[in-house]
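Peer 1: I need the structure of the sequence given here:
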Amino acid sequence: MRGNVPKGQRGGEKMRTVHDIKEKLKSRKTLRNNPTAQEIILWSRLRIKQFGYKFRRQHSIGKYIADFYCPEKKLIIELDGWQHTLENNKKYDKERTAYFQKLGYKVLRFWNNDINNNLKGVCLEIEKYF
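Peer 2: Numbering: from 1, shown residues only. All right, here's what the predicted structure looks like:
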């Protein structure tokens, strides 16, 4: 067991089978091994504990995988590209954010353009939560 949550159960949602768990681990590994340019840039700041806390990348919470997660602060950081402007993705993101918030997580979302053009501003926004 990890903390108060049994293995295979994260974010209050039970994984149904060993196959589900293996598939989620495979997805996380694929995402970690194929980061976007913006994820690489932000991770370079988060992994050195610039904000004083440890972050994980591509971390499972319930049925979702968060881009970046700080367990000590229950903070999730998501990076969004152009595909998040599509209507069906907007709905998915809204449901996902509501799910995380229901579990007590704070969710910060940044556009990839923010990372490219205003990394300092992004870092200042993240600092507000520490």
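Peer 1: got the residue ranges for the helices in this structure?
Peer 2: Listed in chain order, the helices of the chain (DSSP state H) span 18-33, 37-46, 87-102, 112-117, 119-127.
Peer 1: can I get these in CSV including mean pLDDT?
Peer 2: Converted to CSV, the helices of the chain look like this (pLDDT from 0 to 100):
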stretch, mean pLDDT
helix 18-33, 68
helix 37-46, 94
helix 87-102, 89
helix 112-117, 96
helix 119-127, 95
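Peer 1: deepest of those, which one?
Peer 2: helix 37-46 (a mean of 17; mean count of other C-beta atoms under 10 Å). (Glycine included, C-beta is placed from N, CA and C.)
Peer 1: so what touches that one?
Peer 2: 35, 51, 55, 57, 67-68, 77, 79, 81, 110, 112, 115-116, 119, 122-123 (C-beta atoms under 8 Å, 6 or more residues apart in numbering).
Peer 1: which one of these sits closest to residue 25?
Peer 2: residue 57 (14.0 Å; C-beta to C-beta).
Peer 1: specify the beta-bridge partners of the residue nearest to that closest one when sequence neighbours are not counted.
Peer 2: Spatial nearest neighbour of residue 57, chain neighbours left out: residue 68 (5.4 Å); criterion: C-beta to C-beta, 6 or more residues apart in numbering. Counting by DSSP bridges, residue 68 is bridged to residue 57, residue 77.
Peer 1: can I assume residue 68 is in contact with residue 76?
Peer 2: Yes. In terms of C-beta atoms under 8 Å, residue 68 counts as a neighbour of residue 76; the distance is 7.0 Å.
Peer 1: would JSON lines of the helices of the chain with distance to residue 63 be doable?
Peer 2: Converted to JSON lines, the helices of the chain look like this (distance: least, C-beta to C-beta, whole Å):
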{"stretch": "helix 18-33", "distance to residue 63": "8"}
{"stretch": "helix 37-46", "distance to residue 63": "21"}
{"stretch": "helix 87-102", "distance to residue 63": "8"}
{"stretch": "helix 112-117", "distance to residue 63": "24"}
{"stretch": "helix 119-127", "distance to residue 63": "25"}
